[in-house]
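>>> Kindly generate the corresponding structure for this input.
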Amino acid sequence: MAAARPVIASVDEECDTAELIRKVGCGLVAPPAQGEALAETVLYYYRHPGAHELGGHNGRRFFLKHFEKELVLKQYVDLLDVVACRGGDKTLINKQMNTSS
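Down below sits the predicted model:
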């Protein structure tokens, strides 16, 4: 997705990966252990360069919206703040500190 190339996944139709690929419109899914179906999926993109470009574009757009470095770093820092109780609910920590005194 980050490379702006469409995803081709050989996974079960019902799995989360397949669902995400369909939702984002960033690639195609082929059934697992079916080489001919996987080959046809690759050939589809070869024969339809517009679909190839669109899938790559959609994947890149999704990646930037959800996984861009600054965004992920901010989410990580926010998580650490909550874990360290900075800006989170401090009542649990305060109760623990009061009971241990």
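>>> hey, let's count contacts and neighbours off CA atoms from now on
Noted.
>>> Distance-wise, check residue 39 relative to residue 29.
11 Å (Cα to Cα, to the nearest Å).
>>> Same question for residue 58.
In terms of Cα to Cα, residue 58 sits 15 Å off from residue 29.
>>> For stretch 27-38, which outside residues touch it?
6-13, 18, 21-22, 41, 52, 55-56, 59 (Cα atoms under 8 Å, 6 or more residues apart in numbering).
>>> pLDDT of it, averaged?
Taken as a whole, stretch 27-38 has a mean pLDDT of 97.
>>> List the pairing partners of whichever strand or helix holds residue 28 within its sheet, with orientation.
Element membership for residue 28, per DSSP states H and E: strand 27-30. Within its sheet, and counting by DSSP bridges, strand 27-30 is paired with strand 7-10 (parallel).
>>> if you average pLDDT over the partner strand, what comes out?
Mean predicted lDDT for strand 7-10 stands at 97.
>>> Buried residues in the helix or strand just after that strand, which are they?
On the C-terminal side of strand 7-10, the closest following helix or strand by DSSP H and E is helix 16-24. Applying a neighbour-count criterion of 16 or more other Cα atoms under 10 Å, one finds 18, 21 buried in helix 16-24.
>>> Please work out which residues outside helix 16-24 touch it.
Contacts to helix 16-24, defined as Cα under 8 Å, 6+ apart, come from residues 7, 9, 11, 12, 13, 27, 28, 29, 58, 59, 62.
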